[in-house]
Each structure stands twice: as C-alpha cells, then as structure tokens.
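Engineer: got a predicted structure plus its sequence, pasted below:
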Amino acid sequence: MRTVGVDLSAEARGTAVACIDWSGPCPVLATVQVGADDDAVLAALDNTERAAVDCPLGWPEPFVDFLVAHRAGRAPAPVGQTGLEWRRSLSRRATDLHVADTVPGVVPLAVGADRIAAVAMRAAGLLAALADAGHPVDRSGGGLLVEVYPAAALRVWGLASRSYKGMSNRPALSLLVDELQAALPGLDWQANDRACRDSDDALDAVICALVARAAHLGLTAGPPAHLAERAASEGWIHLPRPTALQSLAGVGK
C-alpha cells in the first residue's frame, strides 16, 4: 500500500507532498515534492489508500453558529466569561482543546482566529474536489484523509517538536531527520532526506505520511464517542500512539 502526507499551505510554494510505499519488504520514501499546487495534491491523493494532511479540516461549530447569528443581527453577547475565555470558546475546535490537554506544550493554531484559516479554505476546496471525484471524505478521519499535527506527533514520539522551522534552524532540522532515520532504520529514504534537511515543509509531509500509515493500522486516536458529531464537522487531529513509531519501524506490507 501507499500512504501520502500533505503539509498544506495557503499557496503551492509552502505545500509539500510525500509518498511512502509500504508494499515491499521494507518501506520506501518514494517521492517528496515541495511547491505542490492543487493538481499535484489531488493527483497524489488519487493514488493512495490512506493520506494525512497538516491543516484544519473544519471550523469550530460555536464559531460558525456565531457568524450565522451575527449575519442575522442576533449574535449573543458573552455572559459569565471574560473576553479571552469567550473568544477561546469560539475560535478553538474540540480537537484543538483535546490536543492542548493531551500533549503538554502543544497548542494547535486557532482556525477561527489565525492565518491558518487561509490554509483551511484551501483544504475545503480540496475536500470538495475529492468528494466530487468519489473519494470518501470524513473530516473525523474515517475516510481517505486524516488530519495530523506534526508537532504533536513528534512530541508524542519523544522527538524534537520545536525550533526546527525556518532557515535559521536548518541544523536542528537536519538533526531531527537523523533522529527519524535512527527510529526507522528500515525506511529507505532514497536520498529524499536531502529535501527534508532543506525544507521543514518536506519533513512535515513525511511525518504526515507516517501518521497516515499509523492510522491505517489503528495506531492513532480518533474522536471519543461524545465528540464524534463535532469531529465530523470540525475535523479531528489524529494523535499517534507513543509506540506507533516503533510499530512502523517493524512493519512491511
């Protein structure tokens, strides 16, 4: 089987796509592409059994309800909350709060009040295109795609999850690639580690592809039953199990 990871940005320039082929005796990082436009992303997703994307797949239901009420001129005033608490209740999805409570030091960006919203808009268009092409789309992770937060996955796996982004942190990025190679000795990077040492977007795409495989094997945590309905609307970040990386290191087909 093949898994695809997408580190999505609002534009092609910051978007990376990675594909891992798990069908042989050892997994192979077959391709890593940086600068992927919509056509490239959709082509990769059309040629995989499981995929993961680093991007919110929906907006908080309270935020959507607030906007609809505001448009109609009947948005409720905050009662019993400070401004910050009220804004947090609107701008954070259930999965964002869950990750912040579950993974110490990791707080996902607020899609209701941050520039990540521009990326989510692009993701919404891609989801529509996938649905039109007949792919099962389930924002909670039950279909082709699962939502992933690479920083959280790295933290769960005990790897460096901060300070590897940007040109000034290239040495830290290269060290993180070394750590992943040591943790996954059976993965054939096919010299694609060079792209990952040069681009944190490329490495995040690889992490997404790994978590996609973990999701396929049932090694990630989906939404609890009481949040299933909200997750279907808002999206759900799939956190891998702490032992998932070791499992992937020893799994072929």
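Structural biologist: Structure received.
Engineer: please make it C-alpha for all contacts and neighbour counts, starting now.
Structural biologist: OK.
Engineer: report the distance from stretch 118-131 to the chain centre.
Structural biologist: For stretch 118-131, the separation from the chain centroid amounts to 14 Å (computed by Cα atoms, centre = their mean, to the nearest Å).
Engineer: mean confidence score for it?
Structural biologist: Taken as a whole, stretch 118-131 carries a mean pLDDT of 97.
Engineer: put the alpha carbons of it into PDB.
Structural biologist: Extracted C-alpha coordinates of stretch 118-131, given in PDB (Å, rounded to 0.1, in the frame of the first residue of the first chain):
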ATOM      1  CA  ALA A 118      -6.500  30.700   4.800                       C
ATOM      2  CA  VAL A 119      -5.000  27.200   4.600                       C
ATOM      3  CA  ALA A 120      -8.300  25.700   5.800                       C
ATOM      4  CA  MET A 121     -10.100  27.500   3.000                       C
ATOM      5  CA  ARG A 122      -7.800  25.800   0.500                       C
ATOM      6  CA  ALA A 123      -8.300  22.500   2.300                       C
ATOM      7  CA  ALA A 124     -12.100  22.900   2.000                       C
ATOM      8  CA  GLY A 125     -11.800  23.300  -1.800                       C
ATOM      9  CA  LEU A 126      -9.600  20.100  -2.000                       C
ATOM     10  CA  LEU A 127     -12.100  18.200   0.100                       C
ATOM     11  CA  ALA A 128     -14.900  19.200  -2.200                       C
ATOM     12  CA  ALA A 129     -12.800  18.100  -5.200                       C
ATOM     13  CA  LEU A 130     -12.100  14.700  -3.600                       C
ATOM     14  CA  ALA A 131     -15.800  14.200  -2.800                       C
END
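Engineer: residues of that stretch that come out buried?
Structural biologist: The neighbour-count check on stretch 118-131 (16 or more other Cα atoms under 10 Å) flags 119, 120, 121, 122, 123, 126, 127, 130 as buried.
Engineer: got the residue ranges for the helices in the protein?
Structural biologist: Here the chain has its helices, by DSSP state H, at 38-45, 61-71, 83-91, 94-102, 116-132, 150-156, 170-183, 193-198, 200-216, 228-234, 244-249.
Engineer: what's the most buried one of those helices?
Structural biologist: Each of the helices of the chain was assessed for mean neighbour count using mean count of other Cα atoms under 10 Å. The highest is helix 200-216, with a mean of 28.
Engineer: can you list contacts of that one?
Structural biologist: 3-7, 14-20, 32-34, 50-54, 145-146, 148-150, 153, 164-166, 173, 177, 195-197, 220, 238, 240, 244, 248 (Cα atoms under 8 Å, 6 or more residues apart in numbering).
Engineer: now the angle from it to helix 170-183?
Structural biologist: 30 degrees (axes from the mean of the first three to the mean of the last three Cα atoms, to 10 degrees).
Engineer: relative to the whole chain's centre, how far out is helix 200-216?
Structural biologist: Worked out by Cα atoms, centre = their mean, helix 200-216 lies 8 Å from the chain centre.
Engineer: kindly report the same for stretch 177-196.
Structural biologist: Stretch 177-196 has its C-alpha centroid displaced from the chain centroid by 20 Å (Cα atoms, centre = their mean).
Engineer: how long is it end to end?
Structural biologist: For stretch 177-196, the first-to-last residue distance is 7 Å (Cα to Cα, to the nearest Å).
Engineer: what of stretch 178-192?
Structural biologist: Length of stretch 178-192, first residue to last, Cα to Cα: 13 Å.
Engineer: pull the residues that contact it.
Structural biologist: The contact list for stretch 178-192, computed with Cα under 8 Å, 6+ apart, reads 26-32, 159, 245-246, 248-250.
Engineer: so residue 45 sits right up against residue 51, yeah?
Structural biologist: Yes: Residue 45 is in contact with residue 51 according to Cα atoms under 8 Å; the separation is 6.8 Å.
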